[in-house]
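Engineer: Provided below for reference: sequence and predicted model.
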Amino acid sequence: MDHTRETEEEALLNDIASMLAAFEKERANLIPILQMIQERHHYLSASALQMVAKHLGVSGCEVYGVATFYNQFRFYPPGKHRIRVCLGTACHLRGGDIILENFERKLGIKEAETTADREFSIDRVACVGCCALAPVAIIDDTVHGHMAPSKVEGLILGFEIEKQREKRGKQHGESKQ
Ligand code: FES
């Protein structure tokens, strides 16, 4: 783990430790605790799950088992760009699963995962309320309707070009100093 991620993980665990103090050490609090962590940090890390197990006096396996049973929890930090693919009925009927597969293949990750550089994460979501545009993907806060495999390529390419541009801009700024 690099230094920045270590510090990040440390801050996350400190925050969870302080929040745990508010919860009685009762097994019934397991799900509310997991929800609290997910709400504050958007994912449950392995160390966070261990910490919860210790607080409640239950095994790590039990905590992990409960967390994986409910699909509301994710186990990777969200990417800088969050890709959410709708798999509600209308989107599913119009090939939402193919769109999801295309994002997965393009980025080399599965749904609910994050790329190693933390640029992208992919999640499947239920109906987002714009079925007329099916199949739909939401990237960050923008809704992309009538999705097609070629659009997946184009969208990712757009972010890559933007990243290169930012990098060049930074290098240019540094060389001027
Ligand atoms: S099913 Fe995808 S927007 Fe409704």
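Structural biologist: Sure, I can see it.

Engineer: any idea where the helices of this protein begin and end?
Structural biologist: Taking DSSP state H as the criterion, the chain carries its helices at 3-20, 30-41, 46-56, 60-69, 89-93, 96-107, 149-176.

Engineer: any chance of those helices in a markdown table with mean neighbour count as columns?
Structural biologist: Backbone N, C-alpha and C define where each C-beta goes, glycine included. Formatted as a markdown table, the helices of the chain follow (neighbours: other Cβ atoms under 10 Å):
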| stretch | mean neighbour count |
| --- | --- |
| helix 3-20 | 13 |
| helix 30-41 | 16 |
| helix 46-56 | 18 |
| helix 60-69 | 15 |
| helix 89-93 | 17 |
| helix 96-107 | 19 |
| helix 149-176 | 12 |
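
Engineer: out of the ones you listed, the one nearest D117 is which?
Structural biologist: Minimum separation from D117 across the helices of the chain (Cβ to Cβ) falls at helix 149-176, 9.5 Å.

Engineer: hmm, back to that, C130: which of the helices of the chain is closest?
Structural biologist: C130 lies closest, by Cβ to Cβ, to one member of the helices of the chain: helix 89-93, at 9.1 Å.

Engineer: send the alpha carbons of that closest one over as PDB?
Structural biologist: C-alpha atoms of helix 89-93 as PDB (Å, rounded to 0.1, in the frame of the first residue of the first chain):
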ATOM      1  CA  THR A  89     -36.600  -3.800 -16.400                       C
ATOM      2  CA  ALA A  90     -36.700  -1.300 -19.300                       C
ATOM      3  CA  CYS A  91     -32.900  -1.000 -19.500                       C
ATOM      4  CA  HIS A  92     -32.400  -4.700 -19.100                       C
ATOM      5  CA  LEU A  93     -34.800  -5.400 -22.000                       C
END
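
Engineer: which residues does the residue nearest the centre of the chain contact?
Structural biologist: By Cα atoms, centre = their mean, the chain has its centre lying nearest to P78, at 3.1 Å. Counting by Cβ atoms under 8 Å, 6 or more residues apart in numbering, P78 makes contact with 42-43, 114, 121.

Engineer: surely Q72 is in contact with Q38?
Structural biologist: Yes. Q72 lies in contact with Q38 (Cβ atoms under 8 Å); the separation is 7.2 Å.

Engineer: give me the nearest residue to the closest residue to the ligand within the chain, chain neighbours excluded.
Structural biologist: Of all residues in the chain, G88 sits closest to the ligand, at 2.5 Å by Cβ to the nearest ligand atom. Distances taken as Cβ to Cβ, 6 or more residues apart in numbering put C127 closest to G88, at 3.0 Å, once the chain neighbours are dropped.

Engineer: cool, thanks, talk later.
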